[in-house]
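Asker: Would you be able to build a 3D model of this:
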Amino acid sequence: MNHRLPSLQSLVAFEATVRLGSMTAAAEEERTTQPTISQRIRTLEERLGLPVFDRQGSRLTLTVQGERFFRDISPNLKEIRDACERLIHHGQRPSPSVTIAAGSGFTHLWLLPQLPALKRAFPDFTFKLMPIDRADDPERQAADIAIRFGPYMPQDAGRLVASEAVFPVCRPDYASEHGLADTLTASHLTQLSLLHQDIKDPRWLDWTQWCQHAGLSLVPSDDVFAYHNYALLLNAALAGQGVALGWSPLVKDYLASGQLIALGPRVTRKDYGYWLSVKHHRSAVIQPIGDWLIDAVHQQEIASRA
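Answerer: Numbering: from 1, shown residues only. Below is the predicted model of the structure:
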C-alpha cells in the first residue's frame, strides 16, 4: 500500500454510514445515492487494504479495524465540518464598515499606504477612506474616525497622533545642483523654486508663515504656480521641480527611501498636530482601530530616529 490518503469523499461516506446506521441514510445526508455510498466505501477499503464492514448477514457490522478507524477519524471530520459551517456563516454576514476621514494629504500619503496592514490587523472590517480638507464638512463629522490637523481643541476630545514638524524637502540632486546643505538661509530662498499650494487655510503654514517662524525673510514673488492639493505639490518636488514644505508623517516614506531629503530649519508650533477622534456611539468597537493608527505613526517615528 502506498501512502496516498484515501479520498475525502470515501472517508465521509464511511463516517456518515456508521454515524447514521445505514448507507441509505448516509446517501440522503450527502445528497447522493446508496450505490454511490457503497462504491465509495469499497474504494476506501481498497485503499486501506482491509475491510471496514463485515458483510456476512443482512446487518452492516463494523470489523474490529473498522470500529477503531471510525473512532480515529470521526472527531476530525466533525471539526472539518464545523469549520466549514463557521466559515459559511461568517461569509454570509456583512462585514462591519469603518469610515476614516482625514485631510487629502494625510489620506493619500499616509493612510492609503497603511491600508493593507490595517486590513490584516482587522480582517473582520471593511474600511472606507474619505479625503476631506474642510473641518466643518458634514461627512467628516459623521465619520467613525476623524483625523484633523490643527491646534489642540479641548472640546474636540481628540488624541494626538503626531505633533507638527515642518521642514523643507527636495530631491537630493536638486539640493546638489543648488548647493544646499543641511539648513536653508534667506539667500538660498531667493535662488530656489519654492513650491506652493493654492489652499488658503490658516491651519497650514505656507512659505511666508514658515519663514516667519524660522526667522528668515522672504521676498514676495509674483511668479508663483500653486498646486491644488498637497499630493500634487509633493509630486512636483519628487520630479525635481523645486523645494516643498514637508510635514513629518507625510514625507517619512520618501525620506526613508532617499527620494527626498530634509533641510532645516525645522519649525514646530505649540499644540499643533494631527488629532484623532472616534465617533462616540461606536467608540467601544472603533477604539482599537484608532489605537492601531496612532501606534503605527509612533512606530514610524521611532524607526526614523533609529
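Asker: partners of the closest residue to A135 other than its chain neighbours in the sheet?
Answerer: In space, and not counting its chain neighbours, A135 is closest to R148: 5.9 Å by Cβ to Cβ, 6 or more residues apart in numbering. Bear in mind the C-beta positions are built from the backbone N, C-alpha and C, glycine included. Using DSSP bridges, the bridge partners assigned to R148 are W275.
Asker: For Q212, see how far away R148 is.
Answerer: For R148, the distance to Q212 equals 23 Å [Cβ to Cβ, to the nearest Å].
Asker: ok, back up a step: so who does the residue nearest to A135 touch?
Answerer: Contact analysis of R148 by Cβ atoms under 8 Å, 6 or more residues apart in numbering lists A102, G103, A135, R140, D156, G158, Y274, W275, S277.
Asker: name the element E46 belongs to?
Answerer: Using DSSP states H and E, E46 sits in helix 34-48.
Asker: how distant is the helix or strand just after that helix from the center of its chain?
Answerer: Using DSSP H and E, the next helix or strand after helix 34-48 towards the C-terminus is strand 53-54. Chain-centre distance of strand 53-54: 55 Å, with Cα atoms, centre = their mean, to the nearest Å.
Asker: Does anything pack onto strand 53-54? Which helices or strands?
Answerer: strand 61-62 (3 or more Cβ pairs under 8 Å, 6 or more residues apart in numbering; DSSP states H and E).
Asker: How far away from the center of its chain is the strand it packs on?
Answerer: 54 Å.
Asker: in its sheet, what does that strand sit against?
Answerer: Assessed with DSSP bridges, strand 61-62 is paired to strand 53-54 (antiparallel).
Asker: what's next to the strand it pairs with, contact-wise?
Answerer: I41, E45, L60, T61, L62, T63, G66.
Asker: which among the residues you listed gets closest to L118?
Answerer: Of all these, I41 has the smallest distance to L118: 49.2 Å, by Cβ to Cβ.
Asker: ok, the closest one - contacts?
Answerer: Contacts of I41 (Cβ under 8 Å, 6+ apart): S10, A13, F14, T17, M23, V52, F53.
Asker: Would you show me how to pick out the buried ones of those in PyMOL?
Answerer: Filtering these down to the buried ones (16 or more other Cβ atoms under 10 Å) takes a single PyMOL command:
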select buried, resi 10+13+14+17+23+52+53
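Asker: Now the contacts of I41 in TSV, please, with extra columns for pLDDT, distance to Y152 and secondary structure.
Answerer: Listed next are the contacts of I41 as TSV, based on pLDDT from 0 to 100; distance: Cβ to Cβ, whole Å; DSSP: H, G, I helix; E, B strand; the rest coil:
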residue	pLDDT	distance to Y152	secondary structure
S10	92	68	helix
A13	92	68	helix
F14	92	69	helix
T17	91	71	helix
M23	90	74	helix
V52	91	74	coil
F53	89	77	strand
